[in-house]
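Q: take a look and give me a structure for this.
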Amino acid sequence: MNHAESDHKNLLEQVEALFPEIRAFREELHRRPELSWEEHQTTRRIAALAEQFGLPEFRRIYQTGGVIDKVYRPGAPFVLLRADIDALPVRDEKETPYRSRNLGVCHACGHDAHTAIVLGTAAVLEKAGINLPFNVRYVFQPAEETIPSGAAEFIKLDVLEGVECAIGFHVEPRLALGTIGLTPGFVNMQSIRIDLTMSGEGGHSARPNETADLIWIASRLIQDAYQIVYREINLLDSPVVLTFTQIRAGQGYNIIPERLQLTGTLRLSDPAKKDAFIERFEKLLTHYQDETGCSIEWKYTEGAPAIYNHPGLIGQFLEALRANFPAAVQIEQNFRTPGGDDFSYYCRRRPGAMVRIGVGTPEMQASLHEGLFDVPAEALRLGLLACLWFLISLRLPVEKQTL
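A: Purely as a prediction, here's the structure:
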């Protein structure tokens, strides 16, 4: 048995030995989810298990989250593995032993699985005694779900110092269990938050003609705003998605409110289309103010840009998985999503790749951000193995590309 075959066998043995703990860790995170910027217990759990596994010191570089640096060769570049650790304000609707005990908060986007995969990778490599030709920085990042988000804050704290490339993972229910998504180029969209406040005369619900009737105005405005996207913007070359998600107004069933708040998101990958939408939307708001006499104030907040998967890294991932995985594992090379993710901030500064791990089964068909969403244990194992095979096969340096 040669050295490579010995490492391969050793890794598989360690994965089997440690997987019960890695799975239990993921389930404990799912049972105790925490919202963005509030991941204090989550951070303590990561640090405690890292110490239990004999890993290098977990450094808390912010209020929540932290970093583990595994140095194999002093002076060599780092490969960064990012795990997002925050949960969502969603009620957990599952009937499982690890159902969320934090009412109204749930790991409905799989960040518990991402964290377990990254920490599990560090543990398996440590226990197997693998000596890589580069160093590895394990980043446990808070607040992926917010704008502004945790990635930008961590980058300010120099987590990219000495880093050659960055790898992230995301579970994906639209890919079947046993599938890994490896797509080069742009793979998702930028998310832009829209906040709008309307003010106008309120009054009795029996006499809407004496009021501005803001709810009626908002209902018309939403429809007209959707028309901008679907009738006035060319969607053939790159898509645009506008969705309003919150309307807040009123305090009584028979009172027409005098203030209304509207919130939504605009998602796109082409910045020019953002400018086109904003110009047309502002004209629409001016028209409504002139027509109805109400006052409208609005702002937009830009979230993370679209993720660009470096073709060279994707190519190396493909090579590693084809060499190490059985034919039963499917590889999807053309999977994109309108979702956003602040992993893109890393990819803007270093070659990066976001790898999708399929979790869809006949029993688990819930979408991300739904209370029924779950991650099968086999998907956790698949993500762990994919990360390990990639790391032991990776060749540096990675060719730089300008976006």
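Q: what is the three-state secondary structure of the most centrally placed residue in the chain?
A: Nearest to the mean C-alpha position of the chain, counting by Cα atoms, centre = their mean, stands residue 341 at 4.1 Å. The local conformation at residue 341, judged by DSSP: H, G, I helix; E, B strand; the rest coil, is coil.
Q: how much space separates it from residue 375?
A: If you measure residue 341 against residue 375 using Cβ to Cβ, to the nearest Å, the figure is 17 Å. Just so you know, the C-beta spots here come from the backbone N, C-alpha and C atoms, and that holds for glycine as well.
Q: where does the stretch 1-150 of the chain have low pLDDT?
A: Applying pLDDT under 70 to the stretch 1-150 of the chain flags the ranges 1-4.
Q: buried stuff in the strand or helix carrying residue 18?
A: Using DSSP states H and E, residue 18 falls within helix 3-31. Neighbour-count burial for helix 3-31 flags 7-8, 11, 14-15, 18-19, 22-23, 25-31 (criterion: 16 or more other Cβ atoms under 10 Å).
Q: ditto for stretch 303-312
A: Judged by neighbour count (16+ other Cβ under 10 Å), stretch 303-312 contains these buried residues: 303, 304, 305, 306, 307, 308, 309, 310, 312.
Q: from the buried residues of helix 3-31, pick the one nearest residue 256.
A: Distance to residue 256 across the buried residues of helix 3-31 (Cβ to Cβ) is lowest for residue 30, with 43.5 Å.
Q: could you check how far the closest one is from residue 168?
A: To residue 168, residue 30 is 19 Å away according to Cβ to Cβ.
Q: with residue 281 instead?
A: 32 Å.
Q: got it, and residue 273?
A: 25 Å.
Q: more crowded one of those two?
A: Looking at residue 273 and residue 168 with other Cβ atoms under 10 Å, you find the greater number of neighbours at residue 168, namely 27 against 19.
Q: so that one touches residue 354, yeah?
A: Yes: using Cβ atoms under 8 Å, residue 168 is in contact with residue 354, at 4.8 Å.
Q: quick one: common contacting residues for these two?
A: By the contact definition Cβ atoms under 8 Å, 6 or more residues apart in numbering, residue 168 and residue 354 are jointly contacted by 341, 343.
Q: residue 61 - that's part of a strand, no?
A: No: counting by three-state DSSP, residue 61 falls outside a strand, being coil.
Q: and for it, the neighbour number?
A: By other Cβ under 10 Å, 15 other residues sit near residue 61.
Q: can you pull out the helices in the stretch 151-300 of the chain?
A: Secondary structure of the stretch 151-300 of the chain, counting by DSSP state H, counting those that start in this stretch: helices at 214-232, 271-292.
Q: bridge partners for residue 84, pull those for me.
A: residue 141 (DSSP bridges).
Q: wait, isn't residue 186 in contact with residue 305?
A: No: Residue 186 is beyond contact range of residue 305, at 9.4 Å (criterion: Cβ under 8 Å).
Q: what does the helix or strand hosting residue 45 contact?
A: Per DSSP H and E, residue 45 falls inside helix 40-52. Residues external to helix 40-52 that are found in contact with it (Cβ under 8 Å, 6+ apart): 21, 25, 28-29, 32-34, 58, 60, 63-66, 68, 85-86, 115, 119, 122-123, 140, 142.
Q: alpha carbons only: can I get it in PDB?
A: What follows is helix 40-52, C-alpha atoms only, in PDB (Å, rounded to 0.1, in the frame of the first residue of the first chain):
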ATOM      1  CA  HIS A  40     -22.800  33.000  21.900                       C
ATOM      2  CA  GLN A  41     -23.700  29.500  23.000                       C
ATOM      3  CA  THR A  42     -23.000  28.200  19.500                       C
ATOM      4  CA  THR A  43     -19.500  29.800  19.600                       C
ATOM      5  CA  ARG A  44     -18.800  28.200  23.000                       C
ATOM      6  CA  ARG A  45     -19.900  24.800  21.700                       C
ATOM      7  CA  ILE A  46     -17.600  25.000  18.700                       C
ATOM      8  CA  ALA A  47     -14.700  26.000  20.900                       C
ATOM      9  CA  ALA A  48     -15.400  23.200  23.400                       C
ATOM     10  CA  LEU A  49     -15.600  20.500  20.800                       C
ATOM     11  CA  ALA A  50     -12.500  21.800  19.000                       C
ATOM     12  CA  GLU A  51     -10.600  21.400  22.300                       C
ATOM     13  CA  GLN A  52     -12.100  18.000  22.800                       C
END
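Q: and residue 354, that's in a strand?
A: Yes: inclusion of residue 354 in a strand is indicated when three-state DSSP is applied.
Q: any stretches of the stretch 151-300 of the chain with poor pLDDT?
A: In the stretch 151-300 of the chain (pLDDT under 70), the answer is 235-236.
Q: which of the residues in the longest strand along the chain are buried?
A: Taking DSSP state E as the criterion, the chain has its longest strand at strand 163-176. Buried residues in strand 163-176, counted by 16+ other Cβ under 10 Å: 163-175.
Q: again with stretch 315-329
A: 316, 317, 318, 320, 321, 324, 325, 329.
Q: same question for stretch 183-199.
A: Of the residues in stretch 183-199, 183-184, 186-194, 196, 198 count as buried by neighbour count, 16+ other Cβ under 10 Å.
Q: of all those, which two lie farthest apart?
A: Pairwise distances among the buried residues of stretch 183-199 were taken by Cβ to Cβ; the largest, 43.6 Å, belongs to 184 and 198.
Q: now, which of the buried residues of stretch 315-329 sits nearest residue 295?
A: Nearest to residue 295, judged by Cβ to Cβ, of these is residue 317 at 52.4 Å.
Q: what does the helix or strand hosting the closest one contact?
A: Using DSSP H and E, residue 317 sits within helix 311-324. Residues from elsewhere that reach helix 311-324 (Cβ under 8 Å, 6+ apart): 8, 165, 167, 180, 182-185, 329, 331, 333, 351-353, 355, 385-386, 389-390, 392-395, 398-399, 401.
Q: now those residues: which count as buried?
A: Buried among these by 16+ other Cβ under 10 Å: 8, 165, 167, 180, 182-184, 329, 351-353, 355, 385-386, 389-390, 392, 394, 398.
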